[in-house]
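> Everything below, folded, please.
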Amino acid sequence: MPNWQINIICYICDILIFFKKQFYNLCMKNKYVLLLGFFFMGMGEVFAQYTDLFNFNGVNGALPVCQLVQAGGRLYGTAFQGGGNDSGCIFSIDINGAGYVDMHDFTMPTGAWPIGSLVIEGGKLYGTTFIGGEYGVGSVFSIDTNGSDFTSLNGLWGGYDSIFTQNDCGFPEGDVLPSGRKLFILASGGGSPADGGCVFSVDTNGIDYHNIFDFDTANGAAPLGSLTLLSGDVLYGMTSLGGAHDSGCIFSVDTNGTGYRDLHDFNGPKGAVPNGSLTQIGGVLYGVTSKGGANHQGCIFSIDTNGNNYRDLFDFNGTDGANPNGSLTSVANTLYGVTVEGGTVNSGVIFSIDTNGSNYRDMYSFNGTTGAAPYSSLTLAGSKFYGTAVAGGANDSGVVFSYGLGCSNSFNEPICMVTIDTANNKAEVIWGRTNSPPGAGTYNVFRNSGSGFSLVNAQAVNVLSQYIDLGSNPSAGPVSYKLSTTDSCGESSLSAIHTTIYLTTSAGINAFVLNWTAYVGFTPSVYRIFRGPALNAMVQIDSVPSSILTFTDSFPPLGSFYAIEAVNPSGNCIPTTHKPRNGSALLSGSFSNGFNTRTLTAIQTIGSNVSKLNVYPNPSNGIITLNYSLNSGGNVATTIVNELGQIVYNNTKQRSSGNVTEQLNLENLTPGIYSLRMQTDNSIMVRKVVIMGNR
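Numbering: from 1, shown residues only. Sure, this is the predicted structure:
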């Protein structure tokens with residue numbers, strides 16, 4: 001047996017004695033009681049928001065270590081011990097703490113000691129037991145939410161002997177991760193050749209078992225948490241031990257078992273023994289380690305999904321909590337979690353911290369009487385968190401609790417931008433969901449009607465993060481919007497105002513003069529000018545600095561459509577559901593209303609001396625060829641202008657009539673988008689040029 005297994009087993013024995021639970025000789029009879037390794041008790045301060053909803057007494061369950069799952073006004077969970085056979089049970093309870101039901105008592109033949117949390121998939125609850133089952137190394141089970149049709153999906157993997165020499169997984173302890181008809185699960189034991197644990201999958205009907213990946217200590221060992229699925233087919237997780245420093249690692253692996261990557265090895269000073277699952281917000285993953293950190297009492301960390309930019313966000317010191325466990329729950333830009341120890345009297349805490357690592361708060365210290373040693377992740381439902389504590393309570397067997405957030409709606413999503421949908425010339429409001437919205441509630445869109453802002457739309461938070469306002473008329477003037485959110489706490493405050501650009505055009509001598517209002521909501525880096533034969537077929541012809549709100553387009557094609565884009569200096573909305581606009585235009589800014597110059601009658605007839613203008617290759621590395629035809633000879637001025645409106649190339653040559661080919665060397669220009677203007681005595685032609693630079 002590896003030394004790390006022996007150390008964990010001995011540590012668990014000490015904890016079980018500390019709890020005074022009568023498990024008699026567990027260390028001798030069972031080798032992998034890993035998850036119990038960090039249970040602690042204590043006393044703490046009580047706040048008004050905290051409610052002890054239910055006290056376990058052993059008969060109805062004991063030591064609830066799982067995260068609760070909420071559905072239809074009820075909470076579902078498991079107790080590691082207790083129940084009719086003292087092997088744990090599945091329970092449900094009303095969200096107000098009433099109506100407790102012991103749905104199923106486990107037995108060794110069908111699985112015992114449930115550790116991972118339940119999940120609801122297809123109307124059924126799925127979970128795992130740590131031991132028991134057909135081969136004594138745990139099982140996967142399903143049960144209806146009404147407590148009927150319990151099915152132990154035993155026999156999923158072949159025999160597993162007492163000295164762990166088989167290649168199959170054993171002792172599943174993480175949450176079940178459903179995806180389609182498959183369940184993905186971490187097992188803390190088994191695997192070839194090092195008994196370091198496995199990643200495995202099984203269909204929801206209990207067949208088609210696959211051992212996806214085996215840990216070998218060098219690439220990690222003893223995974224104590226749950227998997228997270230990103231990008232559709234990549235699993236992310238953590239091991240508590242193994243890796244370069246034997247302090248655990250963060251890994252990713254494809255669902256088919258290929259592409260394993262050790263993304264980060266914990267080293268102790270910046271975290272050790274990670275557990276729980278990783279919480280994704282955008283391209284960043286957040287999690288906790290139960291040990292390590294500056295004070296050897298655990299830390300909160302973040303890391304990019306590609307394994308870069310690991311940050312130790314916060315180190316626990318005991319007073320503010322110690323030994324965090326489970327996963328972090330995100331609300332807006334705040335992360336919430338629990339520690340098993342620490343706090344006022346060393347019984348664990350509920351904490352919050354901003355995603356940038358600032359504003360850590362010890363929100364509640366457990367006191368023993370109403371619960372101690374919270375082990376599992378928090379579940380958010382409405383304005384309250386729900387969770388379990390493995391110890392304390394009236395019978396010292398654990399509790400189900402709730403913690404209110406004071407019913408203050410702090411989820412206030414800012415508008416990313418307002419723009420015009422060129423398909424129908426209607427205003428569109430776009431936001432990014434950067435604040436990880438809850439699963440229920442609405443986004444509320446308000447439009448300024450002249451006498452104030454009025455609600456024009458309310459939509460669920462789990463649909464597209466955009467709204468096309470078909471009742472708007474952006475061609476009549478700028479349109480302003482604000483955004484709020486509503487959940488069970490009520491409505492948040494309104495976001496900052498965003499206002500569309502309003503474009504007008506007047507006829508000049510052989511030119512159109514464009515004027516527009518400034519975008520309100522962000523200061524654009526530049527304004528881009530678009531022109532084309534239709535609203536959905538415009539291309540960029542020029543750009544001006546954000547301080548300029550006018551542009552003269554000389555000798556344009558008759559009947560042109562125009563639009564202005566205010567480029568957002570922050571880049572695209574993240575994430576965004578908005579489609580690309582106008583061919584080459586990306587969602588990097590806000591479009592104005594489209595203006596049709598067919599409505600203008602004062603412009604003079606436009607003549608054109610240049611009958612064609614081809615630019616190639618485009619994009620180029622800086623060497624471009626111009627091919628054009630002149631109806632009559634004369635001066636031809638060629639000018640290159642950057643996106644700030646600055647002239648970076650200018651040359652005038654005398655040309656004869658007919659076809660002309662010439663080459664320009666622009667290799668000295670910075671890669672980017674430029675406007676090429678070719679002007680004769682009575683015509684101007686404009687082309688967009690993209691310089692890629694040398695490779």
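> Isn't residue 233 up against residue 257?
No. Here residue 233 does not reach residue 257: they are 11.1 Å apart, not a contact under C-beta atoms under 8 Å. All C-beta spots, glycine's among them, are computed from the backbone N, C-alpha and C.
> what about those two, which has more around it?
In terms of neighbours (other C-beta atoms under 10 Å), residue 257 is the more surrounded of residue 233 and residue 257; the figures are 16 against 12.
> Please settle this for me: is the more buried one part of a helix?
No. According to DSSP: H, G, I helix; E, B strand; the rest coil, residue 257 belongs to no helix; its state is coil.
> For it, give its distance to residue 90.
Taken as C-beta to C-beta, to the nearest Å, the spacing of residue 257 relative to residue 90 amounts to 31 Å.
> List the contacts of the residue nearest to residue 597 when sequence neighbours are not counted.
Counting by C-beta to C-beta, 6 or more residues apart in numbering, residue 597 lies nearest to residue 560, which is 5.2 Å off, once chain neighbours are set aside. Contacts for residue 560 (C-beta atoms under 8 Å, 6 or more residues apart in numbering) come out as 512, 531, 532, 533, 553, 597.
> Now the buried members of these.
Restricting those to buried positions leaves 512, 531, 532, 553, 597, with burial counted as 16 or more other C-beta atoms under 10 Å.
> Check those and tell me the two furthest apart.
Longest distance between any two of those is 13.2 Å, between 512 and 532; criterion C-beta to C-beta.
> which SS class is residue 247?
Three-state call for residue 247 (three-state DSSP): coil.
> Would you check how far apart it and residue 76 are?
As for residue 247, its distance to residue 76 is 34 Å (criterion: C-beta to C-beta).
> What of residue 619?
57 Å.
> Over to residue 667: give its phi and psi.
Here the main-chain torsion angles of residue 667 (degrees, to the nearest 10) amount to phi -70, psi -20.
> wait, isn't it in contact with residue 624?
No. Because the distance of 10.1 Å does not satisfy C-beta under 8 Å, residue 667 is recorded as not touching residue 624.
> more crowded one of these two?
For the pair residue 667 and residue 624, the greater number of neighbours falls to residue 624 (22 against 12), based on other C-beta under 10 Å.
> In terms of secondary structure, what does the strand or helix carrying residue 458 contact?
Counting by DSSP states H and E, the element that carries residue 458 is strand 453-460. Packing contacts for strand 453-460, counted by 3 or more C-beta pairs under 8 Å, 6 or more residues apart in numbering; DSSP states H and E, involve strand 442-448, strand 466-469, strand 480-487.
> out of those strands, nearest to residue 130?
When the helices and strands packed on strand 453-460 are ranked by distance to residue 130, counting by C-beta to C-beta, first place goes to strand 480-487 at 36.0 Å.
> could you give the angle of the closest one to strand 453-460?
For the pair strand 480-487 and strand 453-460, the angle between their directions (axes from the mean of the first three to the mean of the last three C-alpha atoms, to 10 degrees) equals 50 degrees.
> Counting by contacts, list what strand 480-487 packs against.
Contact here means 3+ C-beta pairs under 8 Å, 6+ apart; on that basis strand 480-487 packs against strand 415-421, strand 426-431, strand 442-448, strand 453-460, strand 498-499.
> Now the longest one - C-alpha only, CSV.
Coordinates of each C-alpha in strand 453-460 appear next as CSV, following Å, rounded to 0.1, in the frame of the first residue of the first chain:
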residue,chain,number,x,y,z
PHE,A,453,-37.7,55.1,-18.6
SER,A,454,-40.5,52.6,-19.2
LEU,A,455,-40.3,48.8,-19.2
VAL,A,456,-40.4,47.4,-22.7
ASN,A,457,-39.4,43.8,-22.2
ALA,A,458,-38.8,41.2,-19.4
GLN,A,459,-37.1,37.9,-20.3
ALA,A,460,-35.8,34.9,-18.4
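> Identify each buried residue in it, please.
Of the residues in strand 453-460, those with enough neighbours to count as buried (16+ other C-beta under 10 Å) are 453, 456, 457.
> Turn these into CSV, including distance to residue 283.
What follows is the buried residues of strand 453-460, written out as CSV (distance: C-beta to C-beta, whole Å):
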residue, distance to residue 283
453, 33
456, 32
457, 29
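> So which of those is the closest to residue 362?
Once C-beta to C-beta is applied, the member of those that ends up nearest residue 362 is residue 453, at 38.7 Å.
> Next one: the residue nearest to residue 289 when sequence neighbours are not counted from residue 448, what distance?
With sequence-adjacent residues excluded and distances taken as C-beta to C-beta, 6+ apart, residue 289 is closest to residue 271, at 3.7 Å. Computed with C-beta to C-beta, the distance linking residue 271 and residue 448 is 49 Å.
> of the two, who's got more company?
Neighbours were counted for residue 271 and for residue 448 using other C-beta under 10 Å; residue 271 has more, 27 against 15.
> was I right about that one contacting residue 295?
No. Counting by C-beta under 8 Å, no contact exists between residue 271 and residue 295, whose distance comes to 11.6 Å.
> residues in contact with residue 395?
Contacts for residue 395 (C-beta under 8 Å, 6+ apart) come out as 55, 56, 57, 58.
> now residue 268
With contacts taken as C-beta under 8 Å, 6+ apart, residue 268 has the following neighbours: 245, 247, 291, 292.
> Of the residues you listed - the most surrounded one?
Of all these, the most densely surrounded is residue 292 (25 neighbours; neighbours counted as other C-beta under 10 Å).
> Contacts only, for the closest residue to that one other than its chain neighbours.
Counting by C-beta to C-beta, 6+ apart, residue 292 lies nearest to residue 272, which is 3.1 Å off, once chain neighbours are set aside. Under the criterion of C-beta under 8 Å, 6+ apart, the contact partners of residue 272 comprise 245, 247, 248, 266, 289, 291, 292, 293.
> mind running it again at 6 Å?
The contact partners of residue 272, by C-beta atoms under 6 Å, 6 or more residues apart in numbering, come to 247, 266, 289, 291, 292.
> Perfect, I'm done here.
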